[in-house]
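K.L.:
After the sequence you'll find the predicted model.
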Number of protein chains: 2
Amino acid sequence: MDTDKKTVRAVLDQVKADGRTALSAPEAKKVCDAYAIPVPKEGLATSADEAVKLAGEIGYPAVLKIVSEDILHKTEAGGVLTGLGDAEAVAKGYDTIIANAKDHKAGADIAGVQVQQMLPPAQEVIVGAVTDPSFGKVVAFGLGGVLVEVLKDVTFRLAPTDRTNAISMIEGIRAAEILRGVRGAKPVDREALVSIIISVSQLVDDFPEISEIDLNPVFARADGATAVDVRMVVDFSPPEAPFRPSQEEILTAMKRIMEPDAVAVIGASAEEGKIGNSVMKNLIDGGYQGEIYPINPRADEILGRKCYKSVKDIEGAIDIAVFAIPAKFVLAALEEVGEKNIAGAIMIPSGFAEIGEVELQREMVAVARKHNVRVMGPNIYGFYYTPKNLCATFCTPYDVVGKVALSSQSGGVGMSIIGFSRSTKMGVSAIVGLGNKSDLDEDDLLTFFEQDDNTDVIVMHVEDLKDGRSFAEVAERVSKKKPVVVLKAGRTAKGARAAASHTAALAGNDQIYDDILRQSGVIRAMSLNDMLQFARGLPKLPTPRGENVLIITGAGGSGVLLSDACVDNGLELMEMPDDLDKAFREFIPPFGAAGNPVDITGGEPPLTYRNTIKLGLEDDRIDALVLGYWHTIVTPPMVFAELLAEVVEECRAKGIRKPVVASLVGDVAVEEASEYLYERGIVAYPYTTELPVVVLGAKYRWARGAGLL
Amino acid sequence: MDTDKKTVRAVLDQVKADGRTALSAPEAKKVCDAYAIPVPKEGLATSADEAVKLAGEIGYPAVLKIVSEDILHKTEAGGVLTGLGDAEAVAKGYDTIIANAKDHKAGADIAGVQVQQMLPPAQEVIVGAVTDPSFGKVVAFGLGGVLVEVLKDVTFRLAPTDRTNAISMIEGIRAAEILRGVRGAKPVDREALVSIIISVSQLVDDFPEISEIDLNPVFARADGATAVDVRMVVDFSPPEAPFRPSQEEILTAMKRIMEPDAVAVIGASAEEGKIGNSVMKNLIDGGYQGEIYPINPRADEILGRKCYKSVKDIEGAIDIAVFAIPAKFVLAALEEVGEKNIAGAIMIPSGFAEIGEVELQREMVAVARKHNVRVMGPNIYGFYYTPKNLCATFCTPYDVVGKVALSSQSGGVGMSIIGFSRSTKMGVSAIVGLGNKSDLDEDDLLTFFEQDDNTDVIVMHVEDLKDGRSFAEVAERVSKKKPVVVLKAGRTAKGARAAASHTAALAGNDQIYDDILRQSGVIRAMSLNDMLQFARGLPKLPTPRGENVLIITGAGGSGVLLSDACVDNGLELMEMPDDLDKAFREFIPPFGAAGNPVDITGGEPPLTYRNTIKLGLEDDRIDALVLGYWHTIVTPPMVFAELLAEVVEECRAKGIRKPVVASLVGDVAVEEASEYLYERGIVAYPYTTELPVVVLGAKYRWARGAGLL
């Protein structure tokens, strides 16, 4: 893109010198010209005669607009006249606008009147940019006009953005169909919009002091697009840059933290009920095979291990120090941890920012940064890493090894993860508490889990992202390899953002999170229970190879509900080819329904289930199976479960790996059958036709985002 | 409303006589005039001179439109010209349109050209009516224009409708804000729209042969509304009227069916595994105290009861006959059941419409109607009515008495109800299988449960409503007294409706269901599991007295998720008054947060929970409590459960009855604690912050719909 940065710099310097917070319309036009953003032909007139001369050059009809720093809302001030058809009208209009402006605000500093080309009506859209506290510069696109403002149909991306992303914005709004042309209307010039979106995103990236941009409306025609009204707001005091070690530095530290060879427990205790006692016990009972060093100046031995006064007294290297001492003792101990070259401080203690002790937390981080120590927490339960049998936590040990890593910002959610895991025997690779996130956060964890062969799926409970941009960048990379699930809490809390621009007014905080997380390939869980179910289910499901989903059901009623769930979760019910339809019909009663769902009907023996499921697995055109089992005496729940597990296993042995999910409806025996199936890699639930499909839908969303479909 | 039915009748007679399926524009205008629907001033011209004369009377600018039965899409045919400013333009325009029409369709029968007043631009809306296969005449309202067509922002009500309903339509669309005036625009004339909606709804009610109406667009101004384009489609072969006994007749029959004093089992059997054997056993083992008569021509005694060859051989009166014989023997047996004056046939057998035997089912119903026998089914598992210990089913007995009645159209869902009930010890009053719904359907059940003191909540799984209008009418009445929950399966199956009008094109079948069910006060469950949870939870929750919901939480993280859930479920988080805030602060640590949520923080003893919950229950300004418990060693799960149950019980003893729901996050012990609480009337769940709030939200939706809030 050809940009004229010098011009923009000059404009911004002038605005800064004047102590202003917004650009005038002529300034904004200059900036647009410099970044190839089309605006109407126009000029500034300081007299009626000049206005007439300009209008003659630009062409009639003309639009007149007041130019005054003191008048923010031009229309309300009577400062806008449109459709002026000849010289007489323009001359009269000039005088009217000046008079209105003076009436509106006595003593207003009036720079003149902008004379503008009046464009024919077109589809109105909005392109804008805002500065988000977490994500930084983001660019926005939506339909313009009153109706869309009410419906808030707008979408966001990180700035700067590229053509692919810009197209995804234009295609991604709810009313996208309008732009493609409906009722015989011509489609708008998509490339013209793409170009404006890219320019705006580049502009705020090049000039971070531009805090908000509104191009509203942009007239989108079949042969181009023009930004009819432009508003730019500046802020010359940019926020502090976030702390960002390189990916290599992060990984080096994270490997030592998550897979330590030696652990010190600062505040280790022999006294039952103390946190320092629980941590020691969990390390030992959990079966951790590395060195464990209790640190306590008032003990010689704790739980059979030699106790040290300070980490500095220990000869060998130490990777992490688990803190189990009151907040007020943390700084001094952390200095020693730093001097000992320990990679990570697992900061269990509370008493920091969460109770208002912001300064203490700041100091603690400063000490850590000085020594290059990464801090997990404070105010956390600690963490588990099962491949090393490591329970660096005061909670109860957990040892079911599996392929999902979870993190939580809240201790309550962390406890839920542990309880749910235990109850469902869910295998995990890691459970990590992030608490106040004074230092270590989700993108550090992602960087570690990305290369961790013990982890296939990453699941995170997030209340806020300290550095959303960094998270989005890392997540986009990692989610190409492994599913990343995020439960973003605080979705509905309205941001109390002061809205100087339309774009900012439309930028509900959650909308930005939603768009950017999706763009990063993250699967969003909308509830705690969904998050837990995704953690349990996603590692079980093979990645689908295509979009063709087939439902096979023993209960017509389940078939209908499963179809609803498929549509709700964006799954495509395969159109049944004739030969396949015929093949299924050979196995089912004449009054059963082939097509999709395949309804084998309720009274069928195990063989009917077996034959149809086997066909579903073996036929190459089918990519995933959704099964609806109905409890009957002819095929009891465990008989179904065993035959299903067997067929799936047989197919796996032949190299056929397709996602299979099942809904089991019936009497209580369906609970045991579901558990049996889950243990064998089939995502099965009793009493629900939705949940199995919700989990399958999440796997599909991931596979699509990762470009695997 | 002043209507001129004679004029409409004359128009329709002419259309019928001509064998047409739609009204011409002038005819439609006549009908609008007759029902006080404002249309633009206009007239029909058959020459350019006439057109000029008419335009002079109506006023310039003028619109010209071709009038021809042979041209359906006027604009495409070049048959519409707008903004004609003087006599010359109109004269020329007339000739152009006629020429275009002839070009478009050689030999088209052209009645002339409509000369119409050109209205100033205004907010476009659509008012329409369609004939739904289940609900009959429904009226529609939405915003007009291209954008709204894309977004499908439209709402439906049963026709005829009244002012209150019409207002709820205007207020109920997503873009309603537009009509109230945004960005300084004046609000539209709501009463003018109300009047048009009522007129359209009355018109299709008075003249059922009008199958579709489109007023699109209606120009809505600040001072009135005008239907600019009118389209009316007719169908002179109306559908068969549904079978509708009076409410008294239904109730008399339903009481005998649901609370029978004597039951005959047709096809009773001594042979293990036979349906006729299971039914007998369930009746006996279930503890039914009425008479049980086995019917089987080839046995003298079954399970210790005297066996009869026919119901006609029995001396005493019989209320229901449970059929457990093959379909082919049903007609003959049903004749005898009718002759014996039995109120209900519980038609378990399959082999009817569900396998294509539509005619056999029709004959079966005809026999039943002849004898005034009501038929439940066929193709069902039977039914349970626990207050009578009645298990008239081949499934396993169920005996936990409670206050919720459930019905299902599908056997699989019915089995899920039984399994889930057993697993959660859910008390039920009835579980009813409706199967093919050849006769008895949901509105018959509603009529019974309405007056049944053993039932407080009614929950129904519905695939289709044979007579949606009747259901809506009964549900509207019943839901004022008791919550009615409906899981409508087949939500996402697109109706293959031929769309002759815009209204019909917008009338996705589910949108009509959704709007009309809501209007009837029905709570819609969107998933099988939600339906089951509502069944379990709603009877436990007292009806809230006001909208003020307070969250008290021991985990800040849960507080955020619970707040999200409240917003998602339409609950209002109470603004905390200063004195109440202060009162809560006295019980919680200084770094805890009052406000809403009240965050008591994680390390607190049982007393903190007790004090804050007690305050929440006792303060009159708080209407419902949402609790977030976090598992700690200081307050373990069962300690929390016991203290909560105790406080709630103490308050109940003092006459304080408020809904209390709880989310328990923590290790597995929270499961037992949740069960303990549920049994004591507190809707509590482990590992989820959403489900307790979803159930509370459903109770609120019901209370609002019933006018109790």
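P.N.:
Happy to help now that I have it.
K.L.:
ok, then the element right after the lowest-mean-pLDDT helix or strand in chain A?
P.N.:
Across the helices and strands of chain A, mean confidence by mean pLDDT, DSSP states H and E is lowest for helix A:502-506: a mean of 61. Counting by DSSP states H and E, the element after helix A:502-506 in chain order, helix or strand, is helix A:509-519.
K.L.:
Which strands and helices lie in contact with that following helix?
P.N.:
strand A:154-158, helix A:163-172, helix A:468-478, strand A:484-488, strand A:523-525 (3 or more Cβ pairs under 8 Å, 6 or more residues apart in numbering or on different chains; DSSP states H and E). Backbone N, C-alpha and C define where each C-beta goes, glycine included.
K.L.:
Any residue of the next helix or strand after the last one touching chain B?
P.N.:
Counting by DSSP H and E, the next helix or strand C-terminal to strand A:523-525 is helix A:528-537. Yes: contact between helix A:528-537 and chain B, assessed by Cβ under 8 Å from any Cβ of the partner chain, occurs at A:Leu528, A:Asn529, A:Leu532.
K.L.:
who wins for most neighbours among the residues you listed?
P.N.:
Tallying neighbours with other Cβ atoms under 10 Å in any protein chain shown puts A:Leu528 at the head of these, with 30 neighbours.
K.L.:
Now do that one against A:Ser246, distance only.
P.N.:
As for A:Leu528, its distance to A:Ser246 is 34 Å (criterion: Cβ to Cβ, to the nearest Å).
K.L.:
got the contact list for the residue nearest to A:Ala268 when sequence neighbours are not counted?
P.N.:
Excluding the flanking residues, the one nearest A:Ala268 by Cβ to Cβ, 6 or more residues apart in numbering or on different chains is A:Pro294, at 3.2 Å. By Cβ atoms under 8 Å, 6 or more residues apart in numbering or on different chains, A:Pro294 lies in contact with A:Ala264, A:Val265, A:Ala268, A:Met280, A:Ile302, A:Leu303, A:Arg305, A:Lys306, A:Cys307, A:Tyr308.
K.L.:
closest to chain B among those?
P.N.:
Nearest to chain B, judged by Cβ to the nearest Cβ, of the contacts of A:Pro294 is A:Met280 at 16.3 Å.
K.L.:
Check what pLDDT that closest one gets.
P.N.:
We have a pLDDT of 97 for A:Met280.
K.L.:
Let me know the next secondary structure element after the stretch of helix or strand it belongs to.
P.N.:
A:Met280 belongs to helix A:275-285 when assigned by DSSP H and E. Per DSSP H and E, the first helix or strand lying C-terminal to helix A:275-285 is strand A:291-295.
K.L.:
what's the angle from that next one to helix A:275-285?
P.N.:
Orientation of strand A:291-295 against helix A:275-285 (axes from the mean of the first three to the mean of the last three Cα atoms, to 10 degrees) gives an angle of 170 degrees.
K.L.:
just to revisit the earlier point, return the subset of the contacts of A:Pro294 lying in helices.
P.N.:
Judged by DSSP state H, the contacts of A:Pro294 include A:Met280 as members of helices.
K.L.:
Out of the contacts of A:Pro294, who's the most crowded?
P.N.:
Counting neighbours by other Cβ under 10 Å, A:Val265 comes out on top of the contacts of A:Pro294 with 31 neighbours.
K.L.:
For the residue nearest to A:Asn277 when sequence neighbours are not counted, list the residues it contacts.
P.N.:
For A:Asn277, ignoring the flanking residues on the chain, the nearest one in space by Cβ to Cβ, 6+ apart is A:Ser269 at 4.4 Å. By Cβ under 8 Å, 6+ apart, the contact list for A:Ser269 reads A:Ile275, A:Gly276, A:Asn277, A:Met280, A:Asn296, A:Ala299, A:Ile302, A:Ala324.
K.L.:
Look at A:Ser269 and report its pLDDT.
P.N.:
pLDDT for A:Ser269: 96.
K.L.:
For B:Ala222, see how far away it is.
P.N.:
Going from A:Ser269 to B:Ala222 by Cβ to Cβ gives 76 Å.
K.L.:
cool, A:Glu191 as well?
P.N.:
For A:Glu191, the distance to B:Ala222 (Cβ to Cβ) stands at 41 Å.
K.L.:
Check A:Ile682 too.
P.N.:
Note on A:Ile682: its distance to B:Ala222, by Cβ to Cβ, is 62 Å.
K.L.:
So for those two, which residue has more residues nearby?
P.N.:
Each of A:Ile682 and B:Ala222 has its neighbours counted (other Cβ under 10 Å); A:Ile682 has more, 23 against 13.
K.L.:
Just the pLDDT at the more buried one, thanks.
P.N.:
For A:Ile682, the predicted pLDDT is 98.
K.L.:
so who does the closest residue to A:Leu571 other than its chain neighbours touch?
P.N.:
Among residues not flanking A:Leu571 along the chain, A:Val549 sits closest, at 4.7 Å (Cβ to Cβ, 6+ apart). Going by Cβ under 8 Å, 6+ apart, A:Val549 touches A:Cys566, A:Leu571, A:Glu572, A:Leu573, A:Met574, A:Asp623, A:Ala624, A:Leu625, A:Val626, A:Leu696.
K.L.:
Three-state assignment for A:Val549, please.
P.N.:
Judged by DSSP: H, G, I helix; E, B strand; the rest coil, the three-state class of A:Val549 is strand.
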